[in-house]
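K.L.:
Fold the following for me, if possible:
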Amino acid sequence: MGKDHLLYGRNVLAEAIASGARVREIYCANKQAEEFVHTLSKKNQKLSIRPGNLPREVLDREHQGVAFKVEHDFYLNGSPRDWAPYKFIVLCNHLQDVQNLGALSRAAAGFGVDLIVHESRRSVKLNPAAIKVSAGQAFRLKYLEVSNIVPILQSLKQENYTAIGLDAGDHASYIYDWKPTLPLALVVGSEGDGLSKPVMNQVDFCLQVPMREGVESLNASHAASIAMSWVFSKTLTAS
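P.N.:
Model prediction:
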């Protein structure tokens, strides 16, 4: 995404303001939405509030009667020369569902992830729908779009990152038998095919979430959330 965004939802607006993003205009569809925005403005800053003159479909109940324009850089401008600020990175290998990216982003913010990387092809990109699903937690993260995550994994491994792949195959060990350490790169595969072979060749080993026999495997964001929670409980809570 570029610097200018039209986003929706009360939680998303609250997170945008808390992050220090420049909120330029807010559109309210009803009095309840206006009261919510006035409450935020008292706690944070003076906000430019406009009547709901956007198309009604963007200010319906699903969006809680709030839309706003904001300037913010979610994406890094190219790969970092110094990876040190990003101790816990999630890489998405052909993740294609916007709901999964949004849910993954929400969990990532809660469990100490610093950066989410995804490919430019066959991959979902951060958009207003994903930001809405994240409940605005995307403002707490940085994103990086690359043509191929394999060189990124190679670079990270040279910087002593452990590269872990999430996979439901028989070759994968149970995640709760693993003691994670930082810096760490966690790789999440596509919803249908999992990790691609080139990516699989780069990870140090694969992990899976143990489940009852006969139950269909978790979707990508659910499995990633469990993995991120495990890493957080064993590393970041102790720091």
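K.L.:
Going by C-alpha atoms from here, please, whenever you check contacts or count neighbours.
P.N.:
Fine.
K.L.:
What residues of stretch 169-177 count as buried?
P.N.:
S173, I175 (16 or more other CA atoms under 10 Å).
K.L.:
how far is that stretch from where the chain is centred?
P.N.:
The chain centroid and the centroid of stretch 169-177 are separated by 24 Å under CA atoms, centre = their mean, to the nearest Å.
K.L.:
what's the answer for stretch 198-209, then?
P.N.:
20 Å.
K.L.:
Out of the helices and strands in the chain, which is least certain?
P.N.:
Least confident helix or strand, the chain: strand 49-51 with a mean of 64, by mean pLDDT, DSSP states H and E.
K.L.:
for the helix or strand just after that one, what is the average pLDDT?
P.N.:
Sequence order places strand 66-71 as the next helix or strand after strand 49-51, per DSSP states H and E. Mean pLDDT, strand 66-71: 90.
K.L.:
before we move on, what about stretch 193-206?
P.N.:
The model assigns stretch 193-206 a mean pLDDT of 92.
K.L.:
ok, now stretch 97-107?
P.N.:
95.
K.L.:
got the contact list for that stretch?
P.N.:
Here stretch 97-107 makes contact (CA atoms under 8 Å, 6 or more residues apart in numbering) with 95, 116, 124-126, 129-138, 141, 191, 220-222, 224-225, 228.
K.L.:
give me that answer again for 6 Å
P.N.:
A130, I131, V133, S134, Q137, A138, S221, S225 (CA atoms under 6 Å, 6 or more residues apart in numbering).
K.L.:
okay, now the domains of the protein?
P.N.:
4-71, 88-238 (automatic domain parsing).
K.L.:
any low-confidence regions in the protein?
P.N.:
In the predicted model of the chain, residues 1-2, 43-62, 238-239 satisfy pLDDT under 70.
K.L.:
Could you check how far the residue sitting furthest away from the middle of it is from L13?
P.N.:
In the chain, the residue that sits farthest from the middle, by CA atoms, centre = their mean, is K31; the gap is 31.7 Å. Separation of K31 from L13 (CA to CA, to the nearest Å): 16 Å.
K.L.:
helix, strand or coil for the residue nearest to D204 when sequence neighbours are not counted?
P.N.:
Using CA to CA, 6 or more residues apart in numbering and skipping residues adjacent in sequence, the residue nearest D204 is A163, 5.4 Å away. The three-state assignment at A163 reads strand, by DSSP: H, G, I helix; E, B strand; the rest coil.
K.L.:
okay, now A224: neighbour count?
P.N.:
25 (other CA atoms under 10 Å).
K.L.:
in this structure, which spans are strands?
P.N.:
With DSSP state E as the criterion, the chain has strands at 4-8, 22-28, 49-51, 66-71, 88-92, 115-119, 142-146, 162-166, 173-174, 184-188, 205-208.
K.L.:
Distance to A109 for those - can I get that in JSON lines?
P.N.:
Listed next are the strands of the chain as JSON lines, based on distance: least, CA to CA, whole Å:
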{"stretch": "strand 4-8", "distance to A109": "19"}
{"stretch": "strand 22-28", "distance to A109": "20"}
{"stretch": "strand 49-51", "distance to A109": "28"}
{"stretch": "strand 66-71", "distance to A109": "20"}
{"stretch": "strand 88-92", "distance to A109": "11"}
{"stretch": "strand 115-119", "distance to A109": "9"}
{"stretch": "strand 142-146", "distance to A109": "10"}
{"stretch": "strand 162-166", "distance to A109": "19"}
{"stretch": "strand 173-174", "distance to A109": "24"}
{"stretch": "strand 184-188", "distance to A109": "14"}
{"stretch": "strand 205-208", "distance to A109": "21"}
